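Peer 1: here you go, sequence then predicted model.
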Amino acid sequence: MSELQREVSELERKSATAARLFDIRRIIGGLFVVYGVIVTIAGFTASDADLDKAEGVNINLWTGLAMLALGLFFLVWLKLRPTEAPAPPEAAKDENG
């Protein structure tokens, strides 16, 4: 294997890693999980005054649990359907022409 082929292979591997790392599902899922934990904790520590403001519904608890569920959905989706690496330019040219 020539030096150029090794460099191209290394660059493709790094590109695939970067594509997986910056997948928007990871960012959205992570943020929703973090904020969901914070809001759920706020729901567990809600005072009677807070519950009275919301007509007796512990809105922080329910919203936090919903945010946790959505965040976990995004992370499970990411795990089940990972991002594929982009095709190298030579392969794309061969497919088109």
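Peer 2: Thanks, I have the structure now.
Peer 1: the nearest residue to Thr40 once chain neighbours are set aside and Val76, how far apart?
Peer 2: Spatially, and ignoring its direct neighbours in sequence, Thr40 is nearest to Gly64 (3.1 Å; CB to CB, 6 or more residues apart in numbering). All C-beta spots, glycine's among them, are computed from the backbone N, C-alpha and C. According to CB to CB, to the nearest Å, Gly64 and Val76 sit 18 Å apart.
Peer 1: of those two, which one has the most company?
Peer 2: Gly64 (21 against 12; other CB atoms under 10 Å).
Peer 1: contact partners for the most centrally placed residue in the chain?
Peer 2: Geometric centre of the chain, nearest residue: Arg26, 1.7 Å, by CA atoms, centre = their mean. Shown in contact with Arg26 (CB atoms under 8 Å, 6 or more residues apart in numbering): 74-75, 78.
Peer 1: quick one, phi psi at it?
Peer 2: phi -70, psi -40 (degrees, to the nearest 10).
Peer 1: state the distance from it to Ala69.
Peer 2: Distance from Arg26 to Ala69, counting by CB to CB: 17 Å.
Peer 1: what does Gly30 give?
Peer 2: Remark: distance between Gly30 and Ala69 (CB to CB) = 14 Å.
Peer 1: likewise Val76?
Peer 2: Taken as CB to CB, the span from Val76 to Ala69 is 10 Å.
Peer 1: hmm, back to that, quick check: the residue nearest to the centre of the chain vs Leu68, distance?
Peer 2: Distance, Arg26 to Leu68, by CB to CB: 16 Å.
Peer 1: kindly report the same for Val39.
Peer 2: Noted for Val39: a distance of 9 Å to Leu68, by CB to CB.
Peer 1: on that earlier part again, and the one helix or strand the residue nearest to Thr40 maps to, what's buried?
Peer 2: Assigned by DSSP states H and E, Gly64 falls within helix 59-80. By neighbour count with 16 or more other CB atoms under 10 Å, helix 59-80 contains the buried residues 59-61, 63-64, 67-68, 71, 74-75, 78.
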